[in-house]
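Asks: Please work out how this folds:
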Amino acid sequence: MKPLRSFWRVFWSDRRAAAAAVFLLAEILLVLLLPLFLGQDPNVTDRTAGFWAPPSPAHLLGTDEAGRDLLARLLAGGRVSLLVGFASAALGGVLGVPLGLLAGYTGGKWEYWIMRACDTFQSFPSILLVLAMVTLLGPSVWNIILVIGGLGWASVARLVYSGTLSAKKAEYVEASRALGATDREILFRTILPNVVAPVWASLPLKVVRAILSESSLSFLGVGLRTPQASWGNLTQSAMELVTLTTRPWAWLPPGLCIVATGLALLLVGEGLRKALNPRNR
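Replies: Have a look, this model is predicted:
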């Protein structure tokens, strides 16, 4: 328990990381709970308010081209974008950690083929691969998560691989082997806890990249499509000059949400990096 208390002490002592973590928690709670109190359906047209209605007490962020409440769609889009971000990062970690452990510990053919696969995935611009795969599989939420997470394992595998190469030569690993520990026990009980810290610190950055990838796909019209909302396809209305210049309530809130969420995640990642550094504890 003492290392855990030390970790949280260092993390919360970083005011920027602590503020960012509180902001992210508040944002998640808002997109999950606020729709229950608003009572607005993000896919229903309000004919009374009309199309492209400016902000008003009835519609705090106005309406879109179909007369749908933009605040309700902003919250619905937040649920989708955050789900894509966190689920894609988790999938990349689930795939990358065991592959990195296997490549670094066993060496030989496993190391060769896993590292060459990493080279192959990282040699192409990620947005082009994501575009091609989403176009092939279809623009659904789970397909986007599968594609972004499935293509994001290589960077995680490299982190774990480099840590495993150093850890397997350490004295504590030799001591475990001398005491009769199996390879599986050495991998998951001895090496993994000592190499996973950089992965935890990099996960917020992977969430940011996944959110930006989904937003880019939706903005380009390849990702999620209306009536399903995401922060990306809500900003797509800014492609029209008249909307960009005269209707800022349509595209500015989702754009600000993307920027604020990305910045908060980066600050949390920096705080995790500091807190997971043994020298700071």
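Asks: all contacts plus neighbour counts: C-alpha atoms, from now on.
Replies: Will do.
Asks: need the contact list for the nearest residue to residue 56 once chain neighbours are set aside.
Replies: Nearest residue to residue 56, sequence neighbours excluded (C-alpha to C-alpha, 6 or more residues apart in numbering): residue 62, at 6.4 Å. Listed by C-alpha atoms under 8 Å, 6 or more residues apart in numbering, the contact set of residue 62 reads 52, 53, 54, 55, 56, 69, 70, 71, 249, 250.
Asks: what's the third one in contact with, if anything?
Replies: What that stands for is residue 54. Neighbour list for residue 54: 61, 62, 63, 247, 249 [criterion: C-alpha under 8 Å, 6+ apart].
Asks: Which SSE is immediately downstream of the longest helix along the chain?
Replies: In the chain, with assignment by DSSP state H, the single longest helix is helix 70-106. Sequence order places helix 108-123 as the next helix or strand after helix 70-106, per DSSP states H and E.
Asks: For that next one, the averaged confidence score.
Replies: What helix 108-123 shows for mean pLDDT is 88.
Asks: Same check on stretch 243-258?
Replies: 88.
Asks: who's in contact with that stretch?
Replies: Stretch 243-258 is contacted from outside by 52, 54-55, 61-64, 70, 74, 211-212, 231-232, 234-238, using C-alpha under 8 Å, 6+ apart.
Asks: what do you get for stretch 186-198?
Replies: 101, 105, 159-160, 163-164, 167-168, 172-173, 176-177, 273, 276.
Asks: Would you format the residues you listed as TSV with pLDDT included?
Replies: Shown next, in TSV, are the contacts of stretch 186-198 (pLDDT from 0 to 100):
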residue	pLDDT
101	90
105	87
159	90
160	91
163	87
164	88
167	82
168	81
172	79
173	79
176	80
177	78
273	85
276	80
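Asks: what helix or strand is the residue most central in space within the chain on?
Replies: Centrality entry for the chain: nearest residue to the mean C-alpha point is residue 207, 1.7 Å, by C-alpha atoms, centre = their mean. Using DSSP H and E, residue 207 maps to helix 197-219.
Asks: Quick check: buried residues in that helix?
Replies: Residues 197-219 are the ones in helix 197-219 that count as buried (16 or more other C-alpha atoms under 10 Å).
Asks: Stretch 151-165 now?
Replies: The neighbour-count check on stretch 151-165 (16+ other C-alpha under 10 Å) flags 151-161, 163-165 as buried.
Asks: What's the separation between the residue nearest to residue 56 and residue 68?
Replies: Distance of residue 62 to residue 68, computed by C-alpha to C-alpha, to the nearest Å: 8 Å.
Asks: that older thread, which pair in the contacts of stretch 186-198 spans the largest distance?
Replies: 177 and 273 (30.1 Å; C-alpha to C-alpha).
Asks: what about these two, which has more around it?
Replies: Set residue 177 next to residue 273 and count neighbours by other C-alpha atoms under 10 Å: residue 273 wins out with 18 against 14.
Asks: I appreciate the help and will end here.
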